[in-house]
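A.B. asks: mind looking at a prediction? Sequence and model below.
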Amino acid sequence: MNPSCSRCNKVVYPTEKVNCLDKYWHKGCFSCEVCKMTLNMKNYKGFDKKPYCSQHYPKTSFTIVADTPENLRLKQQSKMQSQVQYKEEFEKNKGKGFCVVSDTPELQRVKKTQDQISNIKYHEDYEKGRMGGEGSNTEAYPNQSYQQQQPQTPSYNFDPPPARSAAAAPPLPSGGGKRYRAVYDYAAADEDEVSFADGDLILDVQQIDEGWMFGRVERTGQQGMLPANYVEAI
């Protein structure tokens, strides 16, 4: 059975048959899709299984490529290769001359990390110099012409007066008590106590219990109870 022509859909006999582009044509029907110029096996150009002349052959044009996962991966890989190549070129050219380096995201991250490390190092050196004294300050800040000295506050290591016994009562002075010297200042907390200053002489001292005495302050003439750990025997 004879096939049909792809152009006119009529029966193609063997004497006028052209077999091309996986189809059958009459010799007169084998023509350009645009200008209808009759073609032969030497001057035709096929596109999408259709014959065209060289003048009207479809021109290929660029198409928009969708961002498929594979294309995104290739794009990311190309970007990483570009950054690696940039770093290699930078290391090769480092020290050869002045060049302007653009702030890439990677360089910005490195710069930020270096700034943070510098700030931490500065504060550590400052704290060591401030707390370590003159030697540490000189080591941490060798360019300073003077050292800032922290004011020293004198400390007095003395125990608070012991709790008074409820049964203790000041005895009358007999005039034959011992002599003591105050080693700390003391302000009377009750009416039956006596105030004195460091260095005052305490006369006619009599022991009441382990923590309290009775005596007379020579400077003021007042007499009363006083803590035993604020005075020393002469």
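C.D. replies: Received it, and whenever you're ready, just let me know what you need. Numbering: from 1, shown residues only.
A.B. asks: give me the distance between S78 and L72.
C.D. replies: Distance, S78 to L72, using CB to CB, to the nearest Å: 11 Å. (Glycine included, C-beta is placed from N, CA and C.)
A.B. asks: again, but for R181
C.D. replies: From R181 across to L72, the span is 92 Å (CB to CB).
A.B. asks: higher neighbour count, these two?
C.D. replies: Ranked by neighbour count (other CB atoms under 10 Å), R181 and L72 place R181 first, with 14 against 10.
A.B. asks: so what's the more buried one bridging to?
C.D. replies: Beta-bridge partners for R181, by DSSP bridges, are L201, E232.
A.B. asks: now do stretch 10-27: distance to the chain's middle.
C.D. replies: In terms of CA atoms, centre = their mean, to the nearest Å, the centre of stretch 10-27 is found 79 Å from the chain centre.
A.B. asks: please disregard the earlier target; I meant stretch 120-134.
C.D. replies: Offset of stretch 120-134 from its chain centre (CA atoms, centre = their mean): 20 Å.
A.B. asks: and that stretch, what's its mean pLDDT?
C.D. replies: Mean pLDDT, stretch 120-134: 71.
A.B. asks: using just helix, strand and coil, how would you label the most centrally placed residue in the chain?
C.D. replies: Centroid-nearest residue in the chain, with CA atoms, centre = their mean: Q116, separated by 6.3 Å. Judged by DSSP: H, G, I helix; E, B strand; the rest coil, the three-state class of Q116 is helix.
A.B. asks: repeat for E70
C.D. replies: What three-state DSSP gives for E70 is helix.
A.B. asks: that one and K17: what is the separation?
C.D. replies: When CB to CB is the yardstick, E70 and K17 sit 45 Å from each other.
A.B. asks: between the two, which one's more packed in?
C.D. replies: K17 (16 against 8).
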